[in-house]
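Colleague: Here is the input, now give the coordinates:
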Amino acid sequence: MTMRPEFETEQFQKGLEVRKEVVGEEYVERSLNAATDFTAPLQKLVTEYCWGDVWTRPGLDRRARSILNLGMLMALNRKDELKLHVRGALNNGMTREEVGEAVLQAGIYCGVPAALDSMRVVVETFKSIDEESSEG
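Modeller: The predicted structure follows:
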């Protein structure tokens with residue numbers, strides 16, 4: 001990864017480590033390498049404050065944070081982020097069954113259309129993970 005000067009802060013490095021552990025090094029490297037002068041400030045903000053500040057707080061463990069993220073992303077209809085955080089939830093110790101239960105739980109409060117769309121995303125993500133595992 002080419003390190004941009006604005007990415008060389010201690011807080012960025014702290015967030016970068018957590019971000020890679022949760023959502024995967026390949027995804028993070030791709031996102032950061034694609035950063036332009038225009039988009040780099042957002043990557044810096046997300047990495048430092050979301051991953052370096054909030055995800056490292058002691059009040060909740062990563063598994064609990066993943067459960068919350070699944071529900072919120074489902075409610076907000078953010079399919080791409082949901083796909084990413086399904087992988088993160090598995091990395092943070094959730095089982096596939098628990099991810100399914102999170103979709104059911106959130107579906108009651110977010111509505112059936114959100115639950116159906118989210119379950120499709122979860123199934124597609126599991127399939128992708130399985131294909132990647134069988135290739136590697």
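
Colleague: Domain-wise, how is this structure divided?
Modeller: Segmentation of the chain into domains, based on automatic domain parsing, reads 5-54, 62-135.

Colleague: Columns mean neighbour count and mean pLDDT on top of those domains, output as TSV?
Modeller: Heads up, the C-betas are built off the backbone N, CA and C, glycines and all. As requested, those are arranged in TSV below (neighbours: other C-beta atoms under 10 Å; pLDDT from 0 to 100):
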stretch	mean neighbour count	mean pLDDT
domain 5-54	16	94
domain 62-135	16	96
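
Colleague: Just the helices from the chain, written as ranges.
Modeller: In the chain, helices defined by DSSP state H lie at 10-23, 25-33, 40-45, 62-76, 79-91, 96-110, 112-135, listed in chain order.

Colleague: and of the ones you listed, who's closest to R4?
Modeller: With respect to R4, and counting by C-beta to C-beta, the nearest of the helices of the chain is helix 40-45 at 5.6 Å.

Colleague: ok, the residue nearest in space to the middle of the chain - contacts?
Modeller: What sits nearest the mean C-alpha location of the chain, by C-alpha atoms, centre = their mean, is H85, with 3.2 Å. Contact analysis of H85 by C-beta atoms under 8 Å, 6 or more residues apart in numbering lists 23, 66, 69-70, 73.
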